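Novice: need a structure here:
(chains A and B)
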Amino acid sequence: MVLHLVALVLTGVAAALFALIIVSLVRQGLPSLTWRFLVGSPNERAGDNGIAPELMNTAFLIGVTWLVTAPLGLLVAIFLREYGFRRRSAVVRPLNHLRATLLSAPTVVVALVVYRVAVGWWHWPVSLATGCLTLAVINWPFMVTVAEQALASVPQSYREASLGLGATRFATAVRVVIPAALSPLIEGWGLAVARLAGESAALVITAGVNVSRHFSLWGPGETLAVHIWYIRTEGVSVNRDAEAAATGVILLLLIAAVVWSSARVARMLSGGEPR
Amino acid sequence: MGLDIHVNKLSVWYRGHQALRQVSLDVNAGEVLALIGPSGCGKSTFLRALNRLLDEDLGARRTGQVMMEGVDVLAPEHDITALRRRVGMVFQTPNPFPFSIFDNVAYGLRLQGTNDAAALRRTVEESLRQAALWDEVRGKLRRPALALSGGQQQRLCIARALAVGPEVLLMDEPTASLDPLSTARIEELIGNLRGRYTIVLVTHNLRQAARVSDRTAFFAHGSLVEIGPTRQIFTVPQDPRTEEYLTGRMES
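Specialist: Now for the predicted structure:
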(Lines give C-alpha, C1' and ligand atoms only; values in the text may rest on other atoms or scores of the structure.)
Protein backbone atom coordinates (compact mmCIF):
# COMPACT_ATOMS: atom_id res chain seq x y z
CA MET A 1 0.00 0.00 0.00
CA VAL A 2 2.69 2.42 1.10
CA LEU A 3 4.88 1.24 -1.75
CA HIS A 4 2.06 1.87 -4.19
CA LEU A 5 1.70 5.39 -2.88
CA VAL A 6 5.44 6.06 -3.14
CA ALA A 7 5.48 4.71 -6.68
CA LEU A 8 2.51 6.85 -7.59
CA VAL A 9 4.09 10.00 -6.16
CA LEU A 10 7.41 9.32 -7.88
CA THR A 11 5.64 8.71 -11.18
CA GLY A 12 3.82 11.99 -10.75
CA VAL A 13 7.06 13.84 -10.04
CA ALA A 14 8.75 12.32 -13.08
CA ALA A 15 5.79 13.20 -15.30
CA ALA A 16 5.72 16.76 -13.96
CA LEU A 17 9.45 17.23 -14.57
CA PHE A 18 9.07 15.87 -18.07
CA ALA A 19 6.15 18.20 -18.77
CA LEU A 20 8.17 21.11 -17.39
CA ILE A 21 11.00 20.41 -19.81
CA ILE A 22 8.67 20.16 -22.78
CA VAL A 23 6.70 23.26 -21.87
CA SER A 24 9.76 25.44 -21.29
CA LEU A 25 11.33 24.17 -24.51
CA VAL A 26 8.21 24.91 -26.54
CA ARG A 27 7.77 28.34 -24.93
CA GLN A 28 11.35 29.25 -25.67
CA GLY A 29 11.26 27.94 -29.22
CA LEU A 30 7.82 29.15 -30.22
CA PRO A 31 8.94 32.46 -31.80
CA SER A 32 11.21 30.58 -34.18
CA LEU A 33 8.79 27.76 -35.02
CA THR A 34 7.66 29.05 -38.41
CA TRP A 35 7.20 27.51 -41.81
CA ARG A 36 10.29 29.32 -43.07
CA PHE A 37 12.27 27.77 -40.24
CA LEU A 38 11.30 24.30 -41.43
CA VAL A 39 11.96 24.79 -45.14
CA GLY A 40 14.79 27.33 -45.09
CA SER A 41 18.53 26.92 -44.94
CA PRO A 42 20.74 28.16 -42.11
CA ASN A 43 21.81 31.74 -42.72
CA GLU A 44 23.29 33.23 -39.60
CA ARG A 45 24.00 36.73 -40.91
CA ALA A 46 20.51 37.28 -42.24
CA GLY A 47 19.10 36.18 -38.92
CA ASP A 48 16.39 33.98 -40.41
CA ASN A 49 17.74 30.52 -39.79
CA GLY A 50 16.19 27.40 -41.25
CA ILE A 51 16.77 23.73 -40.60
CA ALA A 52 15.66 22.03 -43.84
CA PRO A 53 19.13 20.63 -44.66
CA GLU A 54 19.53 19.43 -41.08
CA LEU A 55 16.19 17.62 -41.27
CA MET A 56 17.25 16.05 -44.51
CA ASN A 57 20.66 15.01 -43.14
CA THR A 58 19.13 13.54 -40.01
CA ALA A 59 16.65 11.47 -42.00
CA PHE A 60 19.34 10.34 -44.43
CA LEU A 61 21.87 9.39 -41.76
CA ILE A 62 19.35 7.47 -39.72
CA GLY A 63 17.80 5.83 -42.76
CA VAL A 64 21.08 4.58 -44.21
CA THR A 65 22.36 3.49 -40.81
CA TRP A 66 19.15 1.59 -40.21
CA LEU A 67 19.29 -0.06 -43.63
CA VAL A 68 22.83 -1.25 -42.95
CA THR A 69 22.59 -2.26 -39.30
CA ALA A 70 19.09 -3.78 -39.06
CA PRO A 71 19.77 -6.71 -41.41
CA LEU A 72 23.30 -7.05 -40.05
CA GLY A 73 22.09 -7.14 -36.44
CA LEU A 74 19.39 -9.62 -37.34
CA LEU A 75 21.85 -11.91 -39.10
CA VAL A 76 24.25 -11.87 -36.17
CA ALA A 77 21.40 -12.52 -33.74
CA ILE A 78 20.17 -15.46 -35.83
CA PHE A 79 23.69 -16.81 -35.91
CA LEU A 80 24.04 -16.45 -32.13
CA ARG A 81 20.61 -17.72 -31.12
CA GLU A 82 19.20 -20.03 -33.74
CA TYR A 83 22.30 -22.07 -34.29
CA GLY A 84 23.06 -22.63 -30.61
CA PHE A 85 26.81 -22.64 -30.91
CA ARG A 86 27.57 -24.00 -27.47
CA ARG A 87 30.29 -26.26 -28.82
CA ARG A 88 31.93 -23.54 -30.83
CA SER A 89 31.95 -20.88 -28.17
CA ALA A 90 35.37 -19.91 -29.50
CA VAL A 91 33.38 -18.15 -32.23
CA VAL A 92 30.62 -16.77 -30.08
CA ARG A 93 32.49 -15.51 -27.05
CA PRO A 94 34.78 -12.97 -28.76
CA LEU A 95 31.79 -11.69 -30.72
CA ASN A 96 29.82 -11.16 -27.53
CA HIS A 97 32.80 -9.44 -25.89
CA LEU A 98 33.20 -7.10 -28.84
CA ARG A 99 29.50 -6.32 -28.75
CA ALA A 100 29.47 -5.60 -25.02
CA THR A 101 32.54 -3.38 -25.33
CA LEU A 102 31.14 -1.39 -28.23
CA LEU A 103 27.76 -1.11 -26.55
CA SER A 104 29.27 0.44 -23.44
CA ALA A 105 32.03 2.49 -25.10
CA PRO A 106 31.44 6.25 -25.22
CA THR A 107 30.29 7.07 -28.72
CA VAL A 108 32.79 9.95 -29.00
CA VAL A 109 35.62 7.50 -28.58
CA VAL A 110 34.14 5.19 -31.21
CA ALA A 111 33.91 8.23 -33.49
CA LEU A 112 37.59 9.00 -32.93
CA VAL A 113 38.49 5.50 -34.09
CA VAL A 114 36.22 5.72 -37.13
CA TYR A 115 37.71 9.16 -37.94
CA ARG A 116 41.21 7.72 -37.73
CA VAL A 117 40.30 4.92 -40.15
CA ALA A 118 37.92 6.62 -42.58
CA VAL A 119 39.41 10.11 -42.73
CA GLY A 120 43.00 9.30 -41.81
CA TRP A 121 43.58 6.13 -43.80
CA TRP A 122 40.95 6.09 -46.51
CA HIS A 123 40.95 9.90 -47.02
CA TRP A 124 37.16 10.22 -46.75
CA PRO A 125 36.10 13.81 -46.08
CA VAL A 126 34.25 14.81 -42.92
CA SER A 127 30.88 14.13 -44.48
CA LEU A 128 27.54 12.39 -44.45
CA ALA A 129 29.20 9.18 -45.60
CA THR A 130 31.66 9.20 -42.71
CA GLY A 131 28.77 10.02 -40.38
CA CYS A 132 26.84 7.01 -41.68
CA LEU A 133 29.83 4.78 -41.10
CA THR A 134 30.19 6.11 -37.54
CA LEU A 135 26.55 5.64 -36.71
CA ALA A 136 26.62 2.13 -38.17
CA VAL A 137 29.56 1.17 -35.96
CA ILE A 138 27.85 2.73 -32.93
CA ASN A 139 24.52 1.14 -33.69
CA TRP A 140 25.19 -2.44 -34.74
CA PRO A 141 25.77 -3.87 -31.26
CA PHE A 142 22.52 -2.26 -30.18
CA MET A 143 20.75 -3.80 -33.18
CA VAL A 144 22.15 -7.24 -32.36
CA THR A 145 20.84 -6.92 -28.81
CA VAL A 146 17.43 -5.76 -30.02
CA ALA A 147 17.19 -8.63 -32.49
CA GLU A 148 18.45 -11.18 -29.99
CA GLN A 149 15.84 -10.20 -27.45
CA ALA A 150 13.13 -10.30 -30.09
CA LEU A 151 14.17 -13.79 -31.19
CA ALA A 152 14.32 -14.91 -27.57
CA SER A 153 10.66 -13.96 -27.16
CA VAL A 154 9.62 -16.58 -29.72
CA PRO A 155 8.50 -19.80 -28.00
CA GLN A 156 10.80 -22.78 -28.54
CA SER A 157 7.75 -24.86 -29.50
CA TYR A 158 7.44 -22.92 -32.80
CA ARG A 159 10.96 -23.94 -33.71
CA GLU A 160 10.33 -27.57 -32.83
CA ALA A 161 7.14 -27.64 -34.89
CA SER A 162 8.96 -26.22 -37.88
CA LEU A 163 11.99 -28.50 -37.57
CA GLY A 164 9.60 -31.42 -37.10
CA LEU A 165 8.06 -30.63 -40.48
CA GLY A 166 11.42 -30.96 -42.16
CA ALA A 167 12.54 -27.32 -42.17
CA THR A 168 16.21 -26.50 -41.85
CA ARG A 169 17.34 -24.15 -39.10
CA PHE A 170 17.69 -21.35 -41.61
CA ALA A 171 14.21 -21.94 -43.08
CA THR A 172 12.81 -22.05 -39.55
CA ALA A 173 14.47 -18.73 -38.71
CA VAL A 174 13.27 -17.03 -41.89
CA ARG A 175 9.76 -18.47 -42.14
CA VAL A 176 8.72 -18.82 -38.51
CA VAL A 177 11.01 -17.15 -36.00
CA ILE A 178 11.43 -13.76 -37.70
CA PRO A 179 7.72 -13.35 -38.56
CA ALA A 180 6.84 -14.32 -34.99
CA ALA A 181 9.44 -11.88 -33.63
CA LEU A 182 8.45 -9.02 -35.91
CA SER A 183 6.48 -7.15 -33.29
CA PRO A 184 9.26 -6.78 -30.66
CA LEU A 185 11.73 -6.34 -33.52
CA ILE A 186 9.95 -3.29 -34.89
CA GLU A 187 9.51 -1.81 -31.44
CA GLY A 188 13.23 -2.25 -30.77
CA TRP A 189 14.13 -0.72 -34.12
CA GLY A 190 12.04 2.32 -33.23
CA LEU A 191 14.03 2.76 -30.03
CA ALA A 192 17.27 2.40 -31.96
CA VAL A 193 16.22 5.17 -34.34
CA ALA A 194 15.39 7.40 -31.39
CA ARG A 195 18.81 6.71 -29.91
CA LEU A 196 20.52 7.55 -33.21
CA ALA A 197 18.56 10.76 -33.68
CA GLY A 198 20.01 12.09 -30.42
CA GLU A 199 23.62 11.26 -31.27
CA SER A 200 25.67 14.45 -31.41
CA ALA A 201 29.29 14.33 -30.24
CA ALA A 202 30.28 11.50 -32.56
CA LEU A 203 28.76 13.33 -35.52
CA VAL A 204 30.42 16.64 -34.66
CA ILE A 205 33.69 14.84 -35.29
CA THR A 206 32.78 12.80 -38.36
CA ALA A 207 29.91 14.52 -40.18
CA GLY A 208 30.77 18.12 -39.42
CA VAL A 209 28.91 21.11 -38.07
CA ASN A 210 27.76 22.77 -41.27
CA VAL A 211 25.74 21.93 -44.33
CA SER A 212 26.53 22.10 -48.01
CA ARG A 213 24.44 24.19 -50.37
CA HIS A 214 23.50 21.06 -52.32
CA PHE A 215 22.84 17.70 -50.74
CA SER A 216 25.85 15.45 -51.18
CA LEU A 217 27.00 12.20 -49.68
CA TRP A 218 30.54 13.57 -49.54
CA GLY A 219 29.56 17.00 -48.26
CA PRO A 220 29.35 18.00 -44.60
CA GLY A 221 26.17 16.71 -42.99
CA GLU A 222 25.05 18.47 -39.84
CA THR A 223 22.11 16.82 -38.10
CA LEU A 224 19.43 18.37 -35.89
CA ALA A 225 21.13 17.30 -32.65
CA VAL A 226 24.48 18.65 -33.84
CA HIS A 227 22.76 21.84 -34.98
CA ILE A 228 21.52 22.45 -31.44
CA TRP A 229 24.99 21.96 -30.09
CA TYR A 230 26.44 24.27 -32.75
CA ILE A 231 23.95 27.09 -32.25
CA ARG A 232 24.45 27.07 -28.52
CA THR A 233 28.25 26.97 -28.59
CA GLU A 234 29.41 28.77 -31.69
CA GLY A 235 26.31 30.36 -33.12
CA VAL A 236 26.29 34.13 -33.57
CA SER A 237 22.63 34.54 -34.46
CA VAL A 238 20.70 37.07 -32.38
CA ASN A 239 17.92 34.72 -31.33
CA ARG A 240 20.04 31.63 -31.02
CA ASP A 241 18.33 30.44 -27.85
CA ALA A 242 14.96 30.37 -29.53
CA GLU A 243 16.38 28.64 -32.58
CA ALA A 244 18.07 25.95 -30.51
CA ALA A 245 14.87 25.37 -28.57
CA ALA A 246 12.82 25.20 -31.76
CA THR A 247 15.24 22.69 -33.25
CA GLY A 248 14.94 20.69 -30.04
CA VAL A 249 11.16 20.68 -30.32
CA ILE A 250 11.33 19.41 -33.89
CA LEU A 251 13.81 16.70 -32.90
CA LEU A 252 11.63 15.61 -30.00
CA LEU A 253 8.57 15.49 -32.24
CA LEU A 254 10.46 13.38 -34.77
CA ILE A 255 11.60 10.91 -32.13
CA ALA A 256 8.15 10.75 -30.58
CA ALA A 257 6.61 10.09 -33.98
CA VAL A 258 9.04 7.26 -34.72
CA VAL A 259 8.69 5.62 -31.29
CA TRP A 260 4.93 5.98 -31.28
CA SER A 261 4.39 4.66 -34.78
CA SER A 262 6.77 1.72 -34.33
CA ALA A 263 5.01 0.77 -31.10
CA ARG A 264 1.73 1.15 -32.94
CA VAL A 265 2.79 -1.10 -35.82
CA ALA A 266 4.20 -3.60 -33.32
CA ARG A 267 0.89 -3.74 -31.49
CA MET A 268 -0.98 -4.12 -34.77
CA LEU A 269 1.23 -7.03 -35.79
CA SER A 270 0.77 -8.83 -32.51
CA GLY A 271 -2.98 -8.25 -32.73
CA GLY A 272 -3.61 -11.85 -33.73
CA GLU A 273 -1.88 -13.20 -30.67
CA PRO A 274 -3.53 -13.27 -27.31
CA ARG A 275 -0.97 -12.11 -24.78
CA MET B 1 -0.48 -47.36 -45.26
CA GLY B 2 2.14 -46.56 -42.69
CA LEU B 3 5.59 -47.92 -42.33
CA ASP B 4 7.33 -50.67 -40.34
CA ILE B 5 9.91 -49.38 -37.89
CA HIS B 6 12.58 -51.58 -36.37
CA VAL B 7 14.43 -50.08 -33.46
CA ASN B 8 17.65 -51.86 -32.61
CA LYS B 9 19.53 -51.29 -29.33
CA LEU B 10 18.82 -47.57 -29.14
CA SER B 11 20.61 -45.77 -26.31
CA VAL B 12 20.58 -42.04 -25.62
CA TRP B 13 22.65 -39.92 -23.25
CA TYR B 14 21.97 -36.34 -22.23
CA ARG B 15 25.22 -34.79 -21.05
CA GLY B 16 26.42 -38.00 -19.46
CA HIS B 17 23.03 -39.01 -18.07
CA GLN B 18 21.67 -42.10 -19.81
CA ALA B 19 18.05 -41.56 -20.82
CA LEU B 20 17.52 -44.69 -22.92
CA ARG B 21 19.16 -48.08 -22.45
CA GLN B 22 19.44 -50.49 -25.37
CA VAL B 23 15.83 -50.27 -26.43
CA SER B 24 14.83 -52.69 -29.19
CA LEU B 25 11.29 -52.91 -30.47
CA ASP B 26 9.29 -53.13 -33.68
CA VAL B 27 6.39 -50.94 -34.70
CA ASN B 28 4.12 -52.53 -37.30
CA ALA B 29 2.78 -50.61 -40.27
CA GLY B 30 -0.57 -48.98 -39.61
CA GLU B 31 -0.80 -49.84 -35.92
CA VAL B 32 -1.17 -47.54 -32.93
CA LEU B 33 1.58 -48.22 -30.42
CA ALA B 34 1.19 -46.61 -27.01
CA LEU B 35 4.24 -45.83 -24.88
CA ILE B 36 3.51 -45.68 -21.17
CA GLY B 37 5.67 -45.37 -18.09
CA PRO B 38 6.54 -43.03 -15.23
CA SER B 39 7.82 -39.51 -15.92
CA GLY B 40 11.42 -39.38 -17.05
CA CYS B 41 11.42 -43.01 -18.19
CA GLY B 42 12.58 -42.11 -21.69
CA LYS B 43 9.30 -42.28 -23.64
CA SER B 44 9.61 -38.80 -25.11
CA THR B 45 13.32 -39.26 -25.75
CA PHE B 46 12.49 -42.43 -27.68
CA LEU B 47 9.94 -40.53 -29.74
CA ARG B 48 12.38 -37.71 -30.48
CA ALA B 49 14.98 -40.17 -31.63
CA LEU B 50 12.60 -41.55 -34.27
CA ASN B 51 12.44 -38.26 -36.22
CA ARG B 52 15.87 -37.12 -35.01
CA LEU B 53 14.53 -34.04 -33.31
CA LEU B 54 17.01 -35.21 -30.70
CA ASP B 55 19.78 -34.07 -33.05
CA GLU B 56 18.79 -30.45 -32.40
CA ASP B 57 19.85 -30.87 -28.78
CA LEU B 58 23.63 -30.50 -28.91
CA GLY B 59 24.05 -32.21 -25.54
CA ALA B 60 22.44 -35.46 -26.68
CA ARG B 61 24.37 -38.50 -27.89
CA ARG B 62 22.96 -41.76 -29.16
CA THR B 63 23.88 -45.23 -30.37
CA GLY B 64 21.82 -47.92 -32.06
CA GLN B 65 19.72 -48.12 -35.18
CA VAL B 66 16.25 -47.17 -36.33
CA MET B 67 15.46 -49.03 -39.55
CA MET B 68 12.75 -47.89 -41.94
CA GLU B 69 12.47 -49.86 -45.21
CA GLY B 70 15.87 -51.35 -44.60
CA VAL B 71 17.62 -48.00 -44.12
CA ASP B 72 19.13 -46.82 -40.86
CA VAL B 73 17.60 -43.36 -40.52
CA LEU B 74 19.93 -42.48 -37.63
CA ALA B 75 22.97 -42.74 -39.88
CA PRO B 76 24.63 -39.32 -40.15
CA GLU B 77 24.42 -39.35 -43.94
CA HIS B 78 20.66 -39.94 -43.91
CA ASP B 79 18.66 -36.89 -45.06
CA ILE B 80 16.98 -35.42 -41.97
CA THR B 81 14.55 -33.33 -44.02
CA ALA B 82 13.31 -36.37 -45.92
CA LEU B 83 13.00 -38.32 -42.68
CA ARG B 84 10.93 -35.64 -41.00
CA ARG B 85 8.58 -35.48 -43.94
CA ARG B 86 7.90 -39.18 -43.54
CA VAL B 87 7.71 -39.02 -39.77
CA GLY B 88 5.39 -36.27 -38.57
CA MET B 89 5.16 -35.11 -34.98
CA VAL B 90 2.46 -33.71 -32.72
CA PHE B 91 3.56 -32.12 -29.48
CA GLN B 92 2.41 -32.05 -25.87
CA THR B 93 1.01 -28.55 -26.00
CA PRO B 94 -0.63 -27.39 -29.22
CA ASN B 95 1.93 -25.23 -31.02
CA PRO B 96 0.36 -23.67 -34.11
CA PHE B 97 2.41 -20.86 -35.66
CA PRO B 98 1.09 -17.33 -35.13
CA PHE B 99 -0.18 -17.30 -38.72
CA SER B 100 -3.57 -17.98 -40.27
CA ILE B 101 -5.17 -21.42 -40.16
CA PHE B 102 -4.45 -21.86 -43.86
CA ASP B 103 -0.80 -20.84 -43.59
CA ASN B 104 -0.28 -23.25 -40.73
CA VAL B 105 -1.47 -26.25 -42.70
CA ALA B 106 0.26 -25.09 -45.88
CA TYR B 107 3.58 -24.50 -44.08
CA GLY B 108 5.13 -27.89 -44.75
CA LEU B 109 4.03 -27.88 -48.39
CA ARG B 110 5.44 -24.44 -49.05
CA LEU B 111 8.64 -25.58 -47.42
CA GLN B 112 8.82 -28.27 -50.08
CA GLY B 113 8.39 -25.63 -52.76
CA THR B 114 4.69 -26.12 -53.55
CA ASN B 115 3.34 -22.71 -54.48
CA ASP B 116 0.46 -23.66 -56.74
CA ALA B 117 -2.58 -22.11 -55.07
CA ALA B 118 -5.05 -24.75 -56.22
CA ALA B 119 -2.85 -27.61 -55.05
CA LEU B 120 -2.29 -25.91 -51.71
CA ARG B 121 -6.01 -25.36 -51.20
CA ARG B 122 -6.78 -28.97 -52.07
CA THR B 123 -4.24 -30.41 -49.66
CA VAL B 124 -5.15 -27.99 -46.87
CA GLU B 125 -8.81 -28.97 -47.12
CA GLU B 126 -7.98 -32.66 -47.31
CA SER B 127 -5.72 -32.46 -44.26
CA LEU B 128 -8.25 -30.48 -42.24
CA ARG B 129 -10.91 -33.04 -43.13
CA GLN B 130 -8.65 -35.88 -42.04
CA ALA B 131 -8.00 -34.07 -38.78
CA ALA B 132 -11.77 -33.63 -38.29
CA LEU B 133 -11.44 -29.86 -38.15
CA TRP B 134 -12.77 -28.88 -41.58
CA ASP B 135 -16.40 -28.44 -40.57
CA GLU B 136 -15.40 -26.04 -37.79
CA VAL B 137 -13.03 -23.84 -39.79
CA ARG B 138 -14.32 -23.85 -43.38
CA GLY B 139 -14.73 -20.30 -44.58
CA LYS B 140 -12.50 -19.05 -41.75
CA LEU B 141 -9.15 -20.23 -43.05
CA ARG B 142 -7.73 -16.69 -42.98
CA ARG B 143 -8.39 -16.30 -39.28
CA PRO B 144 -5.41 -16.50 -36.90
CA ALA B 145 -4.77 -20.03 -35.70
CA LEU B 146 -4.16 -18.81 -32.17
CA ALA B 147 -7.79 -17.73 -31.92
CA LEU B 148 -8.88 -21.38 -32.01
CA SER B 149 -9.60 -23.34 -28.83
CA GLY B 150 -6.91 -25.63 -27.41
CA GLY B 151 -8.53 -28.75 -28.79
CA GLN B 152 -8.97 -27.18 -32.22
CA GLN B 153 -5.36 -26.00 -32.15
CA GLN B 154 -4.18 -29.54 -31.48
CA ARG B 155 -6.27 -30.90 -34.36
CA LEU B 156 -4.82 -28.10 -36.51
CA CYS B 157 -1.33 -29.28 -35.57
CA ILE B 158 -2.34 -32.81 -36.58
CA ALA B 159 -3.63 -31.44 -39.92
CA ARG B 160 -0.35 -29.55 -40.35
CA ALA B 161 1.59 -32.77 -39.80
CA LEU B 162 -0.69 -34.75 -42.16
CA ALA B 163 -0.40 -32.17 -44.96
CA VAL B 164 3.14 -33.18 -45.89
CA GLY B 165 2.00 -36.78 -46.42
CA PRO B 166 3.84 -38.61 -43.66
CA GLU B 167 3.75 -42.36 -43.12
CA VAL B 168 4.41 -42.23 -39.41
CA LEU B 169 2.86 -39.94 -36.78
CA LEU B 170 4.61 -39.41 -33.47
CA MET B 171 2.34 -38.04 -30.75
CA ASP B 172 3.90 -36.80 -27.53
CA GLU B 173 1.08 -36.69 -24.99
CA PRO B 174 -1.18 -34.91 -27.47
CA THR B 175 -4.07 -34.52 -25.01
CA ALA B 176 -2.07 -33.58 -21.90
CA SER B 177 -3.26 -29.97 -21.97
CA LEU B 178 -6.81 -30.54 -23.25
CA ASP B 179 -10.20 -30.85 -21.59
CA PRO B 180 -12.07 -34.21 -21.61
CA LEU B 181 -14.25 -33.35 -24.59
CA SER B 182 -11.32 -32.25 -26.76
CA THR B 183 -9.43 -35.32 -25.58
CA ALA B 184 -12.26 -37.56 -26.71
CA ARG B 185 -12.21 -35.98 -30.17
CA ILE B 186 -8.47 -36.46 -30.53
CA GLU B 187 -8.83 -40.08 -29.46
CA GLU B 188 -11.58 -40.59 -32.00
CA LEU B 189 -9.32 -39.01 -34.60
CA ILE B 190 -6.48 -41.37 -33.71
CA GLY B 191 -8.92 -44.24 -34.23
CA ASN B 192 -9.78 -42.91 -37.68
CA LEU B 193 -6.13 -42.52 -38.65
CA ARG B 194 -5.29 -46.08 -37.61
CA GLY B 195 -4.37 -48.22 -40.58
CA ARG B 196 -3.42 -45.25 -42.73
CA TYR B 197 -0.49 -44.15 -40.60
CA THR B 198 1.84 -45.86 -38.20
CA ILE B 199 1.17 -44.04 -34.94
CA VAL B 200 3.43 -43.97 -31.89
CA LEU B 201 1.63 -42.34 -28.98
CA VAL B 202 3.23 -41.33 -25.70
CA THR B 203 0.65 -40.96 -22.98
CA HIS B 204 0.37 -40.64 -19.21
CA ASN B 205 -3.29 -41.51 -19.44
CA LEU B 206 -3.51 -45.29 -19.05
CA ARG B 207 -7.16 -45.39 -20.03
CA GLN B 208 -6.28 -43.56 -23.20
CA ALA B 209 -3.62 -46.13 -24.01
CA ALA B 210 -6.17 -48.89 -23.37
CA ARG B 211 -8.79 -47.17 -25.51
CA VAL B 212 -6.86 -46.25 -28.64
CA SER B 213 -3.80 -48.47 -28.99
CA ASP B 214 -3.29 -51.85 -30.62
CA ARG B 215 -0.13 -52.57 -28.70
CA THR B 216 1.45 -51.02 -25.64
CA ALA B 217 5.07 -50.69 -24.58
CA PHE B 218 5.95 -50.07 -20.95
CA PHE B 219 9.14 -48.13 -20.23
CA ALA B 220 10.86 -47.66 -16.87
CA HIS B 221 14.18 -45.98 -16.07
CA GLY B 222 15.12 -45.71 -19.72
CA SER B 223 14.56 -49.36 -20.51
CA LEU B 224 11.81 -51.16 -22.35
CA VAL B 225 10.25 -53.45 -19.75
CA GLU B 226 7.52 -55.06 -21.77
CA ILE B 227 5.71 -54.75 -25.07
CA GLY B 228 2.64 -56.62 -26.24
CA PRO B 229 -0.98 -56.38 -27.34
CA THR B 230 -2.67 -53.67 -25.28
CA ARG B 231 -5.29 -56.03 -23.90
CA GLN B 232 -2.63 -58.41 -22.69
CA ILE B 233 -0.48 -55.69 -21.09
CA PHE B 234 -3.44 -54.33 -19.18
CA THR B 235 -4.89 -57.68 -18.11
CA VAL B 236 -2.06 -60.18 -17.80
CA PRO B 237 1.27 -58.27 -17.79
CA GLN B 238 4.26 -60.58 -17.91
CA ASP B 239 6.60 -58.42 -15.86
CA PRO B 240 5.90 -57.68 -12.18
CA ARG B 241 7.09 -54.05 -12.71
CA THR B 242 4.37 -53.49 -15.33
CA GLU B 243 1.77 -54.74 -12.92
CA GLU B 244 3.14 -52.51 -10.16
CA TYR B 245 2.92 -49.49 -12.43
CA LEU B 246 -0.56 -50.25 -13.73
CA THR B 247 -1.91 -50.76 -10.24
CA GLY B 248 -0.29 -47.56 -9.01
CA ARG B 249 2.26 -49.20 -6.71
CA MET B 250 5.39 -48.21 -8.59
CA GLU B 251 7.61 -45.50 -7.19
CA SER B 252 9.28 -43.73 -10.06
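Novice: would you list every one of the helices in the chain?
Specialist: Went with chain A since none was named. In chain A, the helices defined using DSSP state H lie at A:2-29, A:35-39, A:52-82, A:89-104, A:107-115, A:128-152, A:156-164, A:169-172, A:178-197, A:201-206, A:224-234, A:240-269.
Novice: oops, chain B please
Specialist: Ranges of helices within chain B are B:43-50, B:80-86, B:101-111, B:117-130, B:134-137, B:150-163, B:180-193, B:206-212, B:230-235, B:240-246, based on DSSP H.
Novice: distance from stretch A:63-79 to the middle of the chain?
Specialist: 13 Å (Cα atoms, centre = their mean, to the nearest Å).
Novice: which residues in that stretch does the neighbour count mark as buried?
Specialist: Using 16 or more other Cβ atoms under 10 Å in any protein chain shown as the test for burial, stretch A:63-79 gives A:Val64, A:Thr65, A:Trp66, A:Val68, A:Thr69, A:Ala70, A:Leu72, A:Gly73, A:Leu74, A:Val76, A:Ala77, A:Ile78. The C-beta positions use only the backbone N, C-alpha and C, and glycine is treated the same way.
Novice: circling back to that earlier point, can you put the helices of chain B in CSV and add distance to B:Tyr14?
Specialist: CSV is the format used below for the helices of chain B (distance: least, Cβ to Cβ, whole Å):
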stretch, distance to B:Tyr14
helix B:43-50, 8
helix B:80-86, 20
helix B:101-111, 28
helix B:117-130, 34
helix B:134-137, 39
helix B:150-163, 25
helix B:180-193, 29
helix B:206-212, 25
helix B:230-235, 28
helix B:240-246, 23
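Novice: redo those as CSV? Include mean pLDDT.
Specialist: Listed next are the helices of chain B as CSV, based on pLDDT from 0 to 100:
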stretch, mean pLDDT
helix B:43-50, 91
helix B:80-86, 90
helix B:101-111, 93
helix B:117-130, 91
helix B:134-137, 90
helix B:150-163, 92
helix B:180-193, 89
helix B:206-212, 91
helix B:230-235, 91
helix B:240-246, 89
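Novice: okay, those in a markdown table with mean neighbour count and distance to A:Glu243 next?
Specialist: Formatted as a markdown table, the helices of chain B follow (neighbours: other Cβ atoms under 10 Å in any protein chain shown; distance: least, Cβ to Cβ, whole Å):
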| stretch | mean neighbour count | distance to A:Glu243 |
| --- | --- | --- |
| helix B:43-50 | 24 | 66 |
| helix B:80-86 | 17 | 63 |
| helix B:101-111 | 22 | 53 |
| helix B:117-130 | 16 | 58 |
| helix B:134-137 | 15 | 61 |
| helix B:150-163 | 25 | 59 |
| helix B:180-193 | 17 | 67 |
| helix B:206-212 | 18 | 76 |
| helix B:230-235 | 17 | 85 |
| helix B:240-246 | 17 | 82 |
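Novice: in a markdown table: those, plus distance to chain A.
Specialist: Converted to a markdown table, those look like this (distance: least, Cβ to the nearest Cβ, whole Å):
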| stretch | distance to chain A |
| --- | --- |
| helix B:43-50 | 9 |
| helix B:80-86 | 4 |
| helix B:101-111 | 4 |
| helix B:117-130 | 12 |
| helix B:134-137 | 15 |
| helix B:150-163 | 7 |
| helix B:180-193 | 17 |
| helix B:206-212 | 21 |
| helix B:230-235 | 26 |
| helix B:240-246 | 28 |
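Novice: which ones are touching the most centrally placed residue in chain B?
Specialist: Centroid-nearest residue in chain B: B:Leu170, 1.6 Å away (criterion: Cα atoms, centre = their mean). B:Leu170 sits next to B:Leu47, B:Leu50, B:Asn51, B:Val87, B:Gly88, B:Met89, B:Val90, B:Ile199, B:Val200 when contact means Cβ atoms under 8 Å, 6 or more residues apart in numbering or on different chains.
Novice: grab the nearest non-local neighbour of A:Val39.
Specialist: Nearest non-adjacent residue to A:Val39, counting by Cβ to Cβ, 6 or more residues apart in numbering or on different chains: A:Ala52, 5.1 Å away.
Novice: pLDDT wise, what is the one you found at?
Specialist: pLDDT, A:Ala52: 87.
Novice: separation between it and chain B?
Specialist: Look at A:Ala52 and chain B: by Cβ to the nearest Cβ, to the nearest Å, they are 43 Å apart.
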